[in-house]
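Participant: return atomic coordinates for the entry below.
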Amino acid sequence: MANAILSKINRCAQKADIFILRQVQETYMKKILILILLTAVSASANKVRVSYIFMHRSVGIEIVSGCFPPFNRNIREVLDTMTVFNQADTARIVFRSYNLNYLQGDSCLSDTVFYGNCYENYNNLFRGYNWENFDREKVMIYPPGLASPMLSEVFQVPNKENQDFWTVFRQHRIPYPGGDSVTEKYDLVMVKNPYIVWRMPTQQRMNALKGFYRAIRDTVANHPEINFCFVFGTPLNFSVGIDSFGGDTAAAKLVYEAAAWFASDSFFTHTNTGPYRNVWKIDTYRSLCETSPDSVNRYCLKNAYWAGPSAQSHLSPLGAIVAQDTVLAFLRRATADILELRGGTPPRPSRTEIDLIIKAFREGNATLSEVLDLISRYNSGG
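Facilitator: Numbering: from 1, shown residues only. Have a look, this model is predicted:
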């Protein structure tokens with residue numbers, strides 16, 4: 001293409017005076033320059049490891065691996081093809097699942113790969129983080145208590161940084177068969193609240209819940225060496241079994257409103273430059289709720305997302321995919337946040353931004369220096 005443009009300039013030189021020739025040369029040389037620079041735009045960036053651990057109980061298994069028939073999409077199927085750019089880097093996302101129901105004995109940490117269908121490849125040499133038997137993932141204990149195990153058994157424990165359960169927040173060794181191992185410090189620790197805490201909700205319980213969330217948020221903010229994410233949890237079904245709202249939509253509304261508060265600025269909003277730069281949150285709750293005003297189960301788990309009367313308040317395959325999509329959207333945003341926090345400079349321009357600035361230049365609405373600056377930022381990663 002560049003040769004064709006140069007030939008056109010030469011043809012113009014044979015017919016035009018020197019003033020016109022200079023105008024033509026200047027116009028086409030700019031186009032050649034942009035063409036050369038665009039050719040030099042990196043097709044790929046540095047691969048950077050961004051690692052996550054998702055700590056959960058049974059519904060978490062459904063969300064990340066669709067672990068009941070018909071065996072839904074495993075979250076790694078998407079993460080293996082998800083591309084997140086920031087600056088000169090593209091993320092290699094490493095995702096581990098930690099099953100607090102310890103169905104594999106004390107080996108409940110998954111490897112970063114999985115077998116067919118839904119099955120996790122559990123690391124049988126790993127001996128746990130000692131969270132599973134202490135309810136540490138619960139922001140609030142189930143009724144009738146008003147305590148917060150996460151607060152009292154994790155963040156308020158004296159000398160917590162030297163306790164076994166704190167290993168999840170620090171660099172540590174994870175052994176593999178054959179003598180191999182990986183040394184890991186998770187970029188983000190994600191902890192899901194189990195649905196059991198939503199039994200028999202009252203205004204008193206929801207007020208206590210907010211207080212616990214605030215206290216944990218502020219404690220995490222005072223530990224800038226860790227990155228932590230609250231996962232609100234999932235709703236109960238309308239009326240079936242002990243793990244339900246007992247047919248009381250007024251009670252269900254209390255939890256729905258607490259989830260709305262959780263997602264709002266009233267609790268906090270993560271920004272990389274704000275006071276809660278190492279704290280994130282995911283509202284996995286409200287997208288699974290029935291919100292139609294004329295539904296008998298308004299504010300409860302939507303029927304289409306419920307696994308049915310024999311499954312407590314577990315999710316149907318459709319509900320699991322809806323929740324997984326929420327988590328995936330969050331992982332994309334959080335990965336961009338983490339990459340930016342590592343670099344500390346503005347995000348890398350996208351190819352779309354470059355295309356738009358070139359279009360503006362061709363239409364006379366941008367300068368050549370603006371085009372070259374954006375392309376330079378793309379190639380340098382910032």
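Participant: show me what Asn237 is bridged to.
Facilitator: On the basis of DSSP bridges, Asn237 is bridged to Ser244.
Participant: which residues touch it?
Facilitator: With Cβ atoms under 8 Å, 6 or more residues apart in numbering as the criterion, the residues that contact Asn237 are Asp243, Ser244, Phe245, Asn297, Cys300, Leu301, Trp306, Gln312, Ser313. In this view, the C-beta of every residue, glycine as well, is placed from N, C-alpha and C.
Participant: and the fifth one, what's its pLDDT?
Facilitator: Meaning Cys300. Each residue has a pLDDT score; the one for Cys300 is 98.
Participant: tell me the phi and psi of it?
Facilitator: As for Cys300, its main-chain torsions (degrees, to the nearest 10) stand at phi -100, psi 180.
Participant: OK, contacts around it?
Facilitator: Under the contact definition (Cβ under 8 Å, 6+ apart), the residues listed for Cys300 are Pro235, Leu236, Asn237, Phe238, Ser244, Phe245, Thr249, Ala252, Cys289, Glu290.
Participant: now rank these by neighbours and give me the top one.
Facilitator: When neighbours are taken as other Cβ atoms under 10 Å, the top entry among the contacts of Cys300 is Pro235 (31 neighbours).
Participant: surely that residue and Tyr285 touch.
Facilitator: Yes. Between Pro235 and Tyr285 a contact is recorded at 5.9 Å, counting by Cβ atoms under 8 Å.
Participant: mind listing the shared neighbours of those two?
Facilitator: In the contact map built from Cβ under 8 Å, 6+ apart, the residues linked to both Pro235 and Tyr285 are Val255, Tyr256.
Participant: would TSV of the contacts of Asn237 with distance to Val139 be doable?
Facilitator: As requested, the contacts of Asn237 are arranged in TSV below (distance: Cβ to Cβ, whole Å):
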residue	distance to Val139
Asp243	17
Ser244	20
Phe245	19
Asn297	25
Cys300	20
Leu301	19
Trp306	23
Gln312	20
Ser313	17
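Participant: got the buried residues for stretch 147-164?
Facilitator: Of all the residues in stretch 147-164, those buried under the rule 16 or more other Cβ atoms under 10 Å are Ser148, Pro149, Met150, Leu151, Glu153, Val154, Phe155.
Participant: wait, the fourth one sits on Phe212?
Facilitator: So that's Leu151. Yes. In this structure, Leu151 is within contact of Phe212 by Cβ under 8 Å, at 5.5 Å.
Participant: mind listing the shared neighbours of these two?
Facilitator: Both Leu151 and Phe212 are contacted by Val139, under the criterion Cβ under 8 Å, 6+ apart.
Participant: one step back: which among the contacts of Cys300 gets closest to Phe114?
Facilitator: Within the set of the contacts of Cys300, Pro235 lies nearest Phe114; the separation is 27.0 Å, counting by Cβ to Cβ.
Participant: that closest one and Ser287: what is the separation?
Facilitator: Remark: distance between Pro235 and Ser287 (Cβ to Cβ, to the nearest Å) = 10 Å.
Participant: which residues in the stretch 1-150 of the chain form helices?
Facilitator: For the stretch 1-150 of the chain, applying DSSP state H, counting those that start in this stretch gives helices covering 2-15, 18-40, 58-65, 75-79, 149-150.
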